[in-house]
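Q: let's see this in three dimensions:
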Amino acid sequence: MIIKELNGKKPEFGNDCFIAENAVIVGDVVMGDQCSVWYNAVIRGDVHYIKMGNKVNIQDGAVVHCTYKKSPTVLGNNVSIGHNAIVHGCTINDNVLIGMGSIIMDDCVIESNVIVAAGAVMTKGTHAKSGSVYAGIPAVKIKDLSAELLAGEIDRIANNYITYSSWYK
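A: Numbers count the residues shown, from 1 in each chain. Sure, this is the predicted structure:
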């Protein structure tokens with residue numbers, strides 16, 4: 001793993017986190033408890049800060065970055081960032097699933113209890129409302145988030161990644 005201090009800012013980690021051997025975490029990054037950063041994931045807090053809550057998983061190949069002095073990245077609790085997703089200069093609140101290969105652009109706000117489908121593109125400044133599922137390019141609301149999706153996808157995936165990371169410790 002590459003954990004690098006930059007411009008006097010060093011990544012900080014909560015308790016019980018897993019960082020894969022080839023993950024990259026640079027600069028002003030603060031991570032909560034029970035987080036995991038998987039193979040080939042990059043979290044680059046070099047141009048602005050990145051703050052992550054508890055139970056956040058950044059899956060294989062995902063990139064989390066910011067915009068210089070303008071748009072930091074903030075991730076709430078119980079957030080899953082799918083494989084090869086790009087999360088850039090945005091705010092993602094609690095209980096959110098960002099699907100594989102999706103792109104969340106600058107100044108987007110993803111409220112709590114949202115699923116962004118695989119391959120979706122949230123264009124700059126999009127505001128995703130709580131209790132919704134978004135899909136498409138550009139992403140739009142396609143349906144309400146059911147209790148089954150909340151438990152069966154958002155909670156299940158976040159909890160599974162805590163289990164998966166325990167296998168590697």
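
Q: and Val26, that's in a strand?
A: Yes - Val26 forms part of a strand when assessed by DSSP: H, G, I helix; E, B strand; the rest coil.

Q: spit out the contact partners of it.
A: 2-4, 6, 11, 43-46 (CB atoms under 8 Å, 6 or more residues apart in numbering). Glycine gets a C-beta too; all of them are placed from N, C-alpha and C.

Q: cutoff 10 Å now
A: 2-7, 9-11, 42-46, 50, 65 (CB atoms under 10 Å, 6 or more residues apart in numbering).

Q: nearest spatial neighbour of it, skipping sequence neighbours?
A: Closest residue in space to Val26, ignoring its immediate chain neighbours: Lys4 at 4.6 Å, by CB to CB, 6 or more residues apart in numbering.

Q: settle this for me: the one you found is touching Ala23, isn't it.
A: No - applying CB atoms under 10 Å, one finds Lys4 not in contact with Ala23, separated by 11.5 Å.

Q: the two - which one has more neighbours?
A: The residue with more neighbours, out of Lys4 and Ala23, is Ala23; 21 against 16, by other CB atoms under 10 Å.
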